[in-house]
Each structure stands twice: as structure tokens, then as C-alpha cells.
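Novice: sequence plus the predicted model coming up.
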Amino acid sequence: MKILLLGKNGQVGWELQRSLQPLGELVALDRNSSPLCGDLLQPVALAEAVRAIKPDVIVNAAAYTAVDKAESDADAARTINAEAVGVLAREAKALEAWLVHYSTDYVFDGSGSRTWQESDATGPLSVYGQTKLEGEQAIAKSGARHLVFRTSWVYAARGGNFAKTMLRLAQERDKLAVIDDQWGAPTGAELIADVTAHALRAAMAGEQDLSGIYHLVAGGETTWNRYAQFVLAQARQINPALGITAREVQAVATSAFPTPAKRPNNSRLNTQKLQQSFGLALPDWQVGVQRMLREIL
Ligand SMILES: NC(=O)C1=CN([C@@H]2O[C@H](COP(=O)(O)OP(=O)(O)OC[C@H]3O[C@@H](n4cnc5c(N)ncnc54)[C@H](OP(=O)(O)O)[C@@H]3O)[C@@H](O)[C@H]2O)C=CC1
Ligand SMILES: Cc1cn([C@H]2C[C@H](O)[C@@H](COP(=O)(O)OP(=O)(O)O[C@H]3O[C@@H](C)C(=O)[C@@H](O)[C@H]3O)O2)c(=O)[nH]c1=O
């Protein structure tokens, strides 16, 4: 089996390079790859690369993930998150290949407090969320067999993420102010990559039709504020010499922390479909965060 991986150097892409390896021959590209193009800003050249490689599976871990920047850079966000995804889906369909893709909690409007199911109505609040939704829709329209995993609040030892931002700010400041009314689940790139490999094997075995959208997040729930507090408490324990100067993580409302992009208050994703379809149990979010912190500290 031949797998084409796009976005190999992102948080999830890096972990996929490890988890997909045992499944077959892996061709991993990034935006600078040459002569085969892995740049999602160049959909025509990207389609040519897919045709040249003729993969059995395309795994797309590349995305425009700068949520605030996307508000003023919508064309690039849309080309990468929607147009190029449509190209990949159509090429997958033509090759009868599977397409694996990642989407986000930010496709929802964040209303209410119950967990979102895959079939719930979407309502993105930001350009990033809207373009990611358009990517999902392009995949559905293509008719390609697919696994689309909606995940949230991704972190990894490698790459930039909220946990690392909190560690940095806590070494620079006396006090942090972090939103305490947006709920979700931090999810490790390792977990996402491992579940991807497991689910892909099951889907390709073909005993049932498993093509579709799945929510893939770690267990439990928290707010950005409580997540930040957990990260700093763990960091102090793991490495007391780290130099954390912040003595307080002040809880603030979304309204007190204005950002260019609006984010959902309720990002709780229901993972029953994933767990039942693939026979998986998802660990609580704290497990992976602790592991990542031990690794980087
Ligand atoms: N990060 C998060 O909190 C969440 C992410 N997701 C989704 O999960 C998936 C993986 O995200 P994650 O690994 O965290 O994201 P990262 O931001 O860590 O990685 C994204 C990757 O996409 C690459 N990329 C950006 N533009 C292009 C382009 N034009 N051509 C090719 N590659 C490009 C980046 O390359 P470069 O390094 O060169 O910029 C980077 O390697 C994405 O679909 C994302 O939308 C869903 C929920 C939460
Ligand atoms: C840095 C900082 C952020 N915040 C808030 C802003 C925001 O609501 C929340 C998270 O901020 P960030 O900008 O780090 O995270 P953000 O880029 O919004 O993270 C999102 O990325 C995309 C790619 C996704 O798909 C989402 O699931 C989610 O992980 O924390 C504070 O309250 N205080 C702070 O000091």
C-alpha cells in the first residue's frame, strides 16, 4: 500500500510519519518539496503530484491553522483549507484512493453546553472555521471514500501550541489572564496519529463501510484557563528550576480577551461514533499533556 502524506512537518504530520510507517510505503511531502509539489497553495501542481504518485491513501495533515491571521488572510486560508482539499478529494476519487483529513471544533458555533455530534448543524464563527467546513463539504461532494477527523486544541512536543505559549508567558510575566468560559478537550498529536493508523487499517479492511466524519478528541473537558493551570502546575513539579514567575492564572471571560477571530464557547465533541466504530477507548486529556510536558521539560 502506498500512502501520500501532506503537511509532514506539522504537529500531526510529524506524528503521522511515525504511525503510518508500518502500514506501507510512505511518501511524505511538505510545502517546499520538489520536484513533486506538496504546496496546497498550488492546487494544479498538487493534483499533478498526486497523479504521479498514484497513492492508495492520501493523508492531509496540512492546513492554514493561524486562526486570528486567517481573518485578514482569507484567500490563502480558503485555498489551503478548502480549494486544495477539494482537489485532493477529486484526485482520490479518480484513483479510488482513501482520503484522510482533519477538521476542527471551530466548525461549530459554540452554543449550548452539550457535546456536539457529527450530525449536528455547523455554524463557524471565524474564517478558519468556515474554510475548514468548506474543506469538509468538498470532500463529501467528491464521493471519495474518506475519514475526516474533527479534533480540538491540538498540542505536541514538536511545533507551536497553547501549552507551550503558556509555559513561555509564565516565564516572562507575574500573572497570566486566560479565558475560562470556552470549553473543550486538549488533544495530543500522538493520539490523533495513532488513532488515524488504527482507523485507516480498519476502514481499508472493508468489512463495513466506515467512510465518514468522526470526532476525535481526548476524554474529559476543561477550559483554556484550567488547561493553563494544569500545564503550569505540572511544569513546576517536573522541573522546579524552570523559572516560572507567574504566580496566578487569572480567569477571564471571552469578552475580556478580544481577538480578531471569534472562538466557540462550547467545543465539547462527542466521540461515541469513533469509539464504537473502531473499538477504541480515548484517554483523558491530562494523560497526554503530562506525557508531552515530561518530554519537553
Ligand atoms: N492545531 C490545532 O489546535 C488544531 C488543528 N486541527 C486540524 O488538524 C490538522 C493538523 O493541525 P496541526 O498539525 O496542529 O497544525 P500545524 O499548524 O502544526 O501544521 C500545519 C502544517 O500545514 C503546513 N502548511 C501550511 N500551509 C501549507 C501549504 N500551503 N502547503 C503545504 N503545507 C502547508 C504547515 O507547514 P509550515 O510548517 O511550513 O507552515 C504545517 O506543517 C489541520 O487540519 C488542522 O486544521 C484541528 C483542531 C485543532
Ligand atoms: C495566549 C492567550 C490566549 N488566550 C485564549 C485565546 C483563545 O480563546 C484561547 C486559545 O488561544 P490560541 O490562540 O492559543 O488557540 P487557537 O489558535 O484558537 O486554537 C485553535 O487552533 C485551531 C487551529 C483549532 O482548530 C482549534 O481547535 C484550537 O486549537 O486562549 C487567553 O485567554 N490568554 C492568553 O494569554
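Specialist: Alright, I've got the coordinates. Ligands and ions are numbered 1, 2, ... in the order given.
Novice: element containing the nearest residue to Val252 once chain neighbours are set aside, please.
Specialist: Excluding the flanking residues, the one nearest Val252 by C-beta to C-beta, 6 or more residues apart in numbering is Ala177, at 4.8 Å. Quick note: C-beta positions are derived from backbone N, CA and C, even for glycine. Ala177 belongs to strand 175-179 when elements are defined using DSSP states H and E.
Novice: which strands border that strand, and is each parallel or antiparallel?
Specialist: The strands beside strand 175-179 in its sheet (DSSP bridges) come out as strand 248-252 (parallel).
Novice: re earlier: from Thr65, how far out is the residue nearest to Val252?
Specialist: 23 Å (C-beta to C-beta, to the nearest Å).
Novice: re earlier: now do the residue nearest to Val252, the pLDDT please.
Specialist: For Ala177, the pLDDT comes out at 97.
Novice: these two touch, right, it and Gln250?
Specialist: Yes: between Ala177 and Gln250 there is a contact under C-beta atoms under 8 Å: 4.6 Å.
Novice: could you see whether ligand 1 lies near the helix or strand that contains Ile58?
Specialist: Here Ile58, judged by DSSP H and E, is contained in strand 57-60. No: judged by C-beta under 6 Å from any ligand atom, strand 57-60 stays clear of ligand 1, getting no closer than 7.2 Å.
Novice: next helix or strand past that strand?
Specialist: That would be, after strand 57-60 and using DSSP H and E, helix 67-70.
Novice: count of neighbours near Gly143?
Specialist: 12 (other C-beta atoms under 10 Å).
Novice: now do Ala121
Specialist: When counting by other C-beta under 10 Å, one arrives at 8 neighbours for Ala121.
Novice: list the contacts of Ala241.
Specialist: By C-beta atoms under 8 Å, 6 or more residues apart in numbering, no residues touch Ala241.
Novice: let me fix that: Asp73
Specialist: Tyr64, Ala66.
Novice: look up how far ligand 1 lies from it.
Specialist: Counting by C-beta to the nearest ligand atom, to the nearest Å, the gap from Asp73 to ligand 1 is 11 Å.
Novice: ok but Lys93 is inside a helix, no?
Specialist: Yes: under DSSP: H, G, I helix; E, B strand; the rest coil, Lys93 sits within a helix.
Novice: before we move on, back to that, quickly run through the sheet partners of the strand holding Ile58, with directions.
Specialist: Next to strand 57-60 in the sheet, as set by DSSP bridges, lie strand 2-6 (parallel), strand 98-104 (parallel).
Novice: nearest to ligand 1, of those?
Specialist: Ligand 1 sits nearest to strand 98-104 of all the strands paired with strand 57-60, at 3.6 Å, using C-beta to the nearest ligand atom.
Novice: tell me if the closest one is near ligand 1.
Specialist: Yes: against ligand 1, strand 98-104 shows contacts by C-beta under 6 Å from any ligand atom at Tyr102, Thr104.
Novice: state the mean pLDDT of that strand.
Specialist: 98.
Novice: can you tell me if that strand touches ligand 2.
Specialist: Yes: using C-beta under 6 Å from any ligand atom, strand 98-104 reaches ligand 2 at Thr104.
Novice: roughly how far apart are Gln42 and ligand 2?
Specialist: To ligand 2, Gln42 is 22 Å away according to C-beta to the nearest ligand atom.
Novice: most remote residue from the chain's center?
Specialist: The C-alpha centroid of the chain is most remote from Ala241, which lies 31.9 Å away (C-alpha atoms, centre = their mean).
Novice: and that residue, that's in a helix?
Specialist: No: read with three-state DSSP, Ala241 is coil and lies in no helix.
Novice: any idea of the pLDDT on it?
Specialist: Ala241 is given a pLDDT of 94.
Novice: do Gly206 as well
Specialist: Here, the pLDDT recorded for Gly206 equals 84.
Novice: measure it to Trp224 for me?
Specialist: Following C-beta to C-beta, the distance that separates Gly206 from Trp224 is 41 Å.
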